[in-house]
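Undergrad: Need a 3D model of the sequence below.
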Amino acid sequence: MRILIVSDAWTPQVNGVVTSLQALISQLRGMGHQVKLLSPGDFRSIPCPTYPEIPLVWNLWRVGPAIRAFQPDCVHLATEGPLGWAARRWLKKRNLAFSSAIHTRYPEYVSTRCPLIPLSWGYAYLRHFHRPSQAVLVTTEHLRGEFFARGLRQLKLWRKGVDCSLFKPLPVAGDAQSDPVFLYVGRLAAEKNLDAFLSLDLPGLKRVVGDGPQRHALQQRYPRVEFCGYQHGHALAEAYQQASVLVFPSLTDTYGLVMLEALACGTPVAAFAVRGPLDVLQQGITGYMHEDLGAACRQALQLSREGCAREAAKQSWTVSAHEFLAEQPLLDGELYMPSVLLT
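TA: Sure, this is the predicted structure:
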């Protein structure tokens, strides 16, 4: 098939949405499908005023012609940003079917950054955006139930995976407790709740891999923490391998791919007992979840690295890609029909 994916999130951004889409596109192309991604790099954009790493496309009138030029069999809207809205508007006007996805807890993120905006407004925004979608893809059964309770419909399961050829344990594991390294990987932004981790009194070293709008403030506040910036590929895998525990302090993530990547490298996870960690971790086997994050960190040190890697190896991107394909409507609303020409 000819598959078009529209996303406001793409490289050089580093986040779970980009990681998921990169893995998906690689798998789909490996299956023989033709995949095109429409991203901010294909258009003119300006930096987001409160988050300059995120580009906002402004010449949105070019989105429709770009869709028509590719002649896709199906279209997937990965994000609810300007590009997603422009593609949605063009498709809906022509009564063409599409799928969409909820990758992040957008309402919670907005409320964290702008406390004056009620959570209910964010969910009204999500309901409006996804209402015409034939299939709204979510990562876990828990999220499907939660979003259904918030009034979203057509919710389908699309589980994420991990690249075990890249993220794998060291041949010989070191003694994690002799000089523990507590690692955070991800964006440095308010919604990630970094202070809950960095303020803890823990033995050994705290290391942060990632970047974002809070980096300067956090470095000033926590001078003893090692800030490494973004890491990719083998360098990122090595950061996981060298860590004793991955600390995941977020209270709002829908999933948290970094947890799977860490586990594949044999590194257990410490987190709060909230959605995301609850969907990824097995308490006492691959991680510890506790309302006291410091206690979870210390308990996670006791876990078997071999057990963590063994559990992570059960999840692959190939299975994830097949789940994605199974929920894709063709533009006329049918599944796996011959190519539909656009006019």
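Undergrad: can we go C-alpha only for contacts and neighbour counts from here?
TA: Fine.
Undergrad: Would you double-check that residue 246 falls in a strand?
TA: Yes: membership of residue 246 in a strand is supported by DSSP: H, G, I helix; E, B strand; the rest coil.
Undergrad: any idea of the pLDDT on it?
TA: We have a pLDDT of 98 for residue 246.
Undergrad: That one and residue 240: what is the separation?
TA: According to Cα to Cα, to the nearest Å, residue 246 stands 8 Å off from residue 240.
Undergrad: So for these two, which sits in the more crowded spot?
TA: More crowded of residue 246 and residue 240, by other Cα atoms under 10 Å: residue 240, with 32 against 29.
Undergrad: what about that one, helix or strand, and which?
TA: helix 233-242 (DSSP states H and E).
Undergrad: Flag every buried residue along that helix.
TA: 236-242 (16 or more other Cα atoms under 10 Å).
Undergrad: Please verify my assumption that residue 73 contacts residue 330.
TA: Yes: between residue 73 and residue 330 a contact is recorded at 5.5 Å, counting by Cα atoms under 8 Å.
Undergrad: So which elements touch the helix holding residue 240?
TA: When contacts are defined as 3 or more Cα pairs under 8 Å, 6 or more residues apart in numbering; DSSP states H and E, helix 233-242 sits against helix 257-264.
Undergrad: what does the helix or strand that the helix it packs on is followed by rub up against?
TA: For helix 257-264, the succeeding helix or strand toward the C-terminus, using DSSP H and E, is strand 269-271. The contact list for strand 269-271 (Cα atoms under 8 Å, 6 or more residues apart in numbering) reads 245-250, 259, 262-263, 277, 281, 286-290, 293, 296-297, 300.
Undergrad: Restricted to buried residues, select those in PyMOL.
TA: Buried members of the contacts of strand 269-271, defined by 16+ other Cα under 10 Å, are picked up in PyMOL with:
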select buried, resi 245+246+247+248+249+250+259+262+263+277+281+286+287+288+289+290+293+296+297+300
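Undergrad: Just flag the most distant two among the buried residues of helix 233-242.
TA: 236 and 242 (10.0 Å; Cα to Cα).
Undergrad: average pLDDT across the helix holding residue 240?
TA: In this model, helix 233-242 has a mean pLDDT of 96.
Undergrad: next one: stretch 327-343
TA: 63.
Undergrad: One more: stretch 119-138?
TA: The model assigns stretch 119-138 a mean pLDDT of 94.
Undergrad: With just CA atoms, put that stretch into PDB.
TA: C-alpha atoms of stretch 119-138 as PDB (Å, rounded to 0.1, in the frame of the first residue of the first chain):
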ATOM      1  CA  LEU A 119      -8.200  19.900  32.000                       C
ATOM      2  CA  SER A 120     -11.700  19.700  30.500                       C
ATOM      3  CA  TRP A 121     -10.700  22.100  27.700                       C
ATOM      4  CA  GLY A 122      -7.900  19.900  26.700                       C
ATOM      5  CA  TYR A 123     -10.100  16.800  26.500                       C
ATOM      6  CA  ALA A 124     -12.700  18.800  24.500                       C
ATOM      7  CA  TYR A 125      -9.900  19.600  22.100                       C
ATOM      8  CA  LEU A 126      -8.900  15.900  21.800                       C
ATOM      9  CA  ARG A 127     -12.600  14.800  21.300                       C
ATOM     10  CA  HIS A 128     -13.100  17.400  18.500                       C
ATOM     11  CA  PHE A 129      -9.900  16.500  16.700                       C
ATOM     12  CA  HIS A 130     -10.300  12.700  16.800                       C
ATOM     13  CA  ARG A 131     -14.100  12.500  16.300                       C
ATOM     14  CA  PRO A 132     -14.000  12.000  12.500                       C
ATOM     15  CA  SER A 133     -11.200   9.400  12.700                       C
ATOM     16  CA  GLN A 134     -12.100   5.800  11.700                       C
ATOM     17  CA  ALA A 135      -9.600   4.400  14.200                       C
ATOM     18  CA  VAL A 136      -8.000   6.300  17.100                       C
ATOM     19  CA  LEU A 137      -4.900   4.400  18.100                       C
ATOM     20  CA  VAL A 138      -3.800   4.200  21.800                       C
END
